[in-house]
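Colleague: predicted structure and sequence below. I'll ask about it afterward.
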Amino acid sequence: MDFITLGVQLLNAVQYGAVLFLVASGLTLVFGILGVINLAHGAFYMLGAYLAYWITLMTGSFVVALLGGVLVAFVVGILLETVFVRLLYGRDHLAQVLLSFGLILVIDEIRQVLFGKDVHAVAPPAWLSGSIQLTDNLSYPVYRLAICVFCLMAALAIFFVIARTKIGMIVRAGSENREMARVLGIKFDRVNRYVFAAGIALAALGGILIAPISTVFPGMGDGMLILSFVVVVLGGIGSVGGAAVGALLIGLTDTFGKVFFPSVSSILIYVLMAVVLLWRPSGILGRQDA
Amino acid sequence: MSMPNLRVRLFGIACLAIAIALPFYVSTYYTQFFAKALIMGMLAMSLNLVVGHGGLVSLCHAAFFGLAGYVLALLSPRYDAASLLTTLPVAILCSGTAALLIGALVLRTRGVYFIMVTLAFGEMLFFFFHDTKFAGGSDGISINIRPEIAVAGRQLLDLDKTMTFYFVVLGFLVGVIALLTMVVRSPFGRALAAARDNERRARSLGFPIFRLRLTAFTLSGALAGLAGYLAAAQFGFVAPQMLGWHQSATILVMVLIGGLRSVTGPLVGALVLIGMEEVLKAHLDNWKLVEGLIIIGIVILLPNGVRQIWSMVFGASPQRAAEIKPAAAEARHA
Amino acid sequence: MHDVALRAAGLQKRFGGLLAVSNVSIDIRAGEIHAVIGPNGAGKSTLINLLAGELLPTSGEVLLNGADITSLSPDRRARAGLGRAYQKTTLFAQFSVYENVRLAAQARSTTPLRMFGGTRCDRPYLQLVTDAIDRVGLSARSQIIADKLSHGEQRQLEIAMVLATNPRVILLDEPLAGMGPSEARGIIGLIASLKADRAVLVVEHDMDAVFELADRLTVMQDGRVIATGLPQDVRVDPGVRAAYLGADGGIA
């Protein structure tokens, strides 16, 4: 393997890891701040991809789909928090798991009714649809590069929010210091609602971005949910930095696993997870106090 | 923990009598339906050892269920019946071993990590059977002829007969109930429950928590293997979906419906959920939408399962109330 | 007669930049009550957690009857004969008083994890259970769910559970915390009776109780031991008076 091929694979790994990071950071934020484990996270990723397909079909613009899809997801997130999720604060994990499982069934049927169960493809916007010629017979799609850049900017935005804003302060304080934050006058009802909606929107954003380079199909949310979980377990729960590390590790493992060990590539990330569990049961950047 | 009183015993005997009489009064379709429901009940009861008594929300239980099914499918000769006496122990052993290995890893984690890690390892087995060709890949494989018990060439039990199969399932079910009841009441079961109630205290008293939970996890996986073997024998077919996490979550719903604190509650939960699915499927196209909403409703309104309806309507006996209250209290923290 | 039952040598515990326990050595002898006192944040609770095995020391060692237990887990230490009661009441809140104590005894029985037969088969340890409940005076309350007990009764139950494990060494973390004077009297008497054939370490804020109970005293400040010895010697130790007792305006 020459350097250019290696570089291409590395870019693929980073791009894959970047999308994973967006989705997983939504999951880890919702858990870190709300203390709620949301199995329906993957369903919103799937919903985002279908929204991208549908809005692009209706308006002809992927950019509109991007903005519209995220907005729809955010609004749905606010509604869900208000109606269902708020009932889960302080309930045990079993209740959270099963309520979000119920949500998955509901979302899947709604998708079925609205969009059917066909597999779709989405075209990237025209100005990002070209390729960069690397060598005579090797090129790299501009859209994939654009994803990398976009995710990097999104990641910077997330880190900025966490480092500089009031919401970020709560994230940094961790859920066990909520009493302290309450004393400081933070209104949790509103924060909870926006964080949950933002988490959902991040999942949908991941689905929208991935739609043009992957196919849009009903089962795509499940695979992403598992991957996000592995990312969170690798990185440490509630830690956005951990999610970044975990996502990059998975991107690298999966991409290079497919190149070097194609026969066992689907098992590799689980092997990685098993190793991390033996080494640091609370994740690479997690607090090792359990 | 007092011995079951006379009323509970009589109720149990009455249920068993109805279960024995049932296939003589209903059609073959419903005999098969109840056999399936009892198998799922067995599966849910096996999971409850970990969830209800151990306090660990596991999302990989279907993996042990499906694994045993695959073992039967792979061991079944194409044109002949497999021997139940050899294949069943192998299937249970495989599921138990898988549970032991996965348990040794996942039990290093707590709480929400445990949920995510069990889910991930369960999906690992799912993808293993989905992506590799030797067991039919995503299409699954069929078991052409159901297993039998034969001695010296003479067939003693033929699972191809609906009635025979039903009674074999019922027999195993009674055995599983007896085994789980014994385990839950034994010092082991009490220690397991104590570790659920207060892990730190249980450890400081000297209970080896990891070994305790790993034993429960392994036993629970092995019993799931028994259920998986019977399910595969009934359907004559196994596919990766049998191991998938949607299946695991569905079993958890059964456990929640039936109530976490009893041995047979999950069996009731399985009957309720499968009965509900049967009715919904018959009348609705988008039945999963309704099922999802019902599950959400149950989680919100009935954190202690259907028994809560019973106690709301008839009033709880003092002992029952004592059992129900703690479960609700536990649901609040954790 | 006064053999060292539990010995800590050069114990050190670092949390990030903070040295919570610094070079602490302490000997707990059989037949004695050894009290550890010191202002808040002196490292007393960390010390007890290091001795019980809930925290592992950064350096130093812990010996139980001469055997090195520094790296043993809390459950292994418990089986080796170390019992503890917590500062915050830590019970099986949804179990009855009897079941709490029975579980404690079960943990130290010969077959703690037997999977068949009920819990009433092991006659010898069941006797231990009733004895422990009698001794703390909870016989009349043995069927009550632990959650429903008064605070004082819960502390009594804590001690009954420790007794039922029949330990050689007992660690008590603020056994009188949050108790009224009359309730405290009962517990003080109970603690005094524990030392007959055991070694007892008690961390306590109530100075009257400490000087009433302790055969030996260790004073900690900022993670270090600043004095150790007989109560009458520690009482007059100028370092202790200056650093700790002086701030409180002296002691009784």
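Modeller: Looks like it arrived, so ask away.

Colleague: for residue A:157, grab the count of nearby residues.
Modeller: 10 (other CB atoms under 10 Å in any protein chain shown). For the C-beta atoms, the positions are set from N, CA and C on the backbone; glycine is no exception.

Colleague: measure it to residue B:108 for me?
Modeller: Applying CB to CB, to the nearest Å, the value for residue A:157 to residue B:108 is 35 Å.

Colleague: next: residue A:153.
Modeller: Between residue A:153 and residue B:108 the distance is 37 Å, computed by CB to CB.

Colleague: how about low-confidence regions in the stretch 151-252 of chain C?
Modeller: C:243-252 (pLDDT under 70).

Colleague: what residues does it put near chain B?
Modeller: With the criterion set to CB under 8 Å from any CB of the partner chain, the stretch 151-252 of chain C comes near chain B through C:161, C:165.

Colleague: can you show me the strands along the stretch 151-252 of chain C?
Modeller: With DSSP state E, counting those that start in this stretch, the ranges of strands along the stretch 151-252 of chain C come out as C:169-173, C:199-203, C:216-221, C:224-229.

Colleague: how about the stretch 51-200 of chain B?
Modeller: B:141-142, B:148-151, B:154-158.

Colleague: now the first one: mean pLDDT?
Modeller: What that stands for is strand B:141-142. On average, the pLDDT along strand B:141-142 is 89.

Colleague: show me what it is packed against.
Modeller: Secondary-structure packing of strand B:141-142 (3 or more CB pairs under 8 Å, 6 or more residues apart in numbering or on different chains; DSSP states H and E): helix B:61-75, strand B:237-238.

Colleague: and of these, who's closest to residue A:123?
Modeller: Nearest of the helices and strands packed on strand B:141-142 to residue A:123, taken as CB to CB: helix B:61-75 at 38.1 Å.

Colleague: so the closest one, near chain A or not?
Modeller: No. Judged by CB under 8 Å from any CB, helix B:61-75 and chain A are separated, with a smallest distance of 12.0 Å.

Colleague: ok, back up a step: which of residue A:153 and residue B:108 has more residues huddled nearby?
Modeller: residue B:108 (17 against 10).

Colleague: which residues of the stretch 151-300 of chain B lie near chain C?
Modeller: So far as CB under 8 Å from any CB goes, the stretch 151-300 of chain B lies against chain C at B:182-183, B:185-191, B:193-194, B:197-198, B:200-209, B:211-212, B:215.

Colleague: let's see it at 10 Å
Modeller: B:179, B:182-198, B:200-212, B:215-216, B:219 (CB under 10 Å from any CB of the partner chain).

Colleague: which stretches of the stretch 151-290 of chain A have low pLDDT?
Modeller: Along the stretch 151-290 of chain A, the model assigns pLDDT under 70 to residues A:170-188, A:287-290.

Colleague: quick one: the strands in it?
Modeller: According to DSSP E, counting those that start in this stretch, the stretch 151-290 of chain A contains no strands.

Colleague: can you map out the helices along it?
Modeller: Ranges of helices within the stretch 151-290 of chain A are A:166-173, A:178-183, A:188-210, A:220-235, A:240-260, A:265-279, based on DSSP state H, counting those that start in this stretch.

Colleague: for residue C:106, find the nearest of these.
Modeller: helix A:265-279 (30.7 Å).

Colleague: how about the nearest residue to the closest residue to chain C within the stretch 151-300 of chain B, chain neighbours excluded?
Modeller: Across the stretch 151-300 of chain B, the shortest distance to chain C (CB to the nearest CB) belongs to residue B:206, at 3.3 Å. Leaving out its chain neighbours, the residue that sits closest to residue B:206 by CB to CB, 6 or more residues apart in numbering or on different chains is residue C:78, at 3.3 Å.

Colleague: residues touching the one you found, list them.
Modeller: Applying CB atoms under 10 Å, 6 or more residues apart in numbering or on different chains to residue C:78 gives the contacts B:202-208, C:52-53, C:72, C:84, C:104, C:107-108, C:162, C:165, C:167.

Colleague: for PyMOL, what selects the buried ones among these?
Modeller: To isolate the buried subset of those in PyMOL, counting by 16 or more other CB atoms under 10 Å in any protein chain shown, use the following:
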select buried, (chain B and resi 202+203+204+205+206+207+208) or (chain C and resi 52+53+72+84+104+107+108+162+165+167)
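
Colleague: out of the contacts of residue C:78, list just those in helices.
Modeller: Within the contacts of residue C:78, residues falling in helices by DSSP state H are B:202-205, C:52, C:104, C:107, C:162.

Colleague: now do the contacts for the closest residue to residue C:85 other than its chain neighbours.
Modeller: Closest residue to residue C:85 apart from its sequence neighbours, by CB to CB, 6+ apart: residue C:158 at 4.2 Å. By CB under 10 Å, 6+ apart, the contact list for residue C:158 reads B:201, C:84-87, C:89-91, C:100, C:104, C:136, C:146, C:172-173, C:175, C:187.

Colleague: okay, and residue B:275 sits in which element?
Modeller: Assigned by DSSP states H and E, residue B:275 belongs to helix B:265-283.

Colleague: that helix: what's the following helix or strand?
Modeller: Next element after helix B:265-283 (DSSP H and E): helix B:287-301.

Colleague: burial count for the residue in the stretch 51-200 of chain A positioned nearest to chain B?
Modeller: Nearest to chain B, among the residues of the stretch 51-200 of chain A, is residue A:105, at 3.1 Å (CB to the nearest CB). By the criterion of other CB under 10 Å, residue A:105 has 24 neighbours.

Colleague: what helices or strands is the one helix or strand it maps to leaning on?
Modeller: For residue A:105, the host element (DSSP H and E) is helix A:93-115. If you count contacts as 3 or more CB pairs under 10 Å, 6 or more residues apart in numbering or on different chains; DSSP states H and E, helix A:93-115 packs onto helix A:41-59, helix A:62-83, helix A:220-235, helix B:111-131, helix B:245-258, helix B:287-301, helix B:318-332.

Colleague: quick one: the very next helix or strand once past it to chain centroid distance?
Modeller: Going down the chain from helix A:93-115, the next helix or strand is strand A:131-135, by DSSP H and E. Offset of strand A:131-135 from its chain centre (CA atoms, centre = their mean, to the nearest Å): 29 Å.

Colleague: mind listing what the helix or strand following strand A:131-135 pairs with, with the direction of each?
Modeller: Using DSSP H and E, the helix or strand that follows strand A:131-135 towards the C-terminus is strand A:138-141. Based on DSSP bridges, the strands next to strand A:138-141 in the sheet, each with its direction, are strand A:131-135 (antiparallel).
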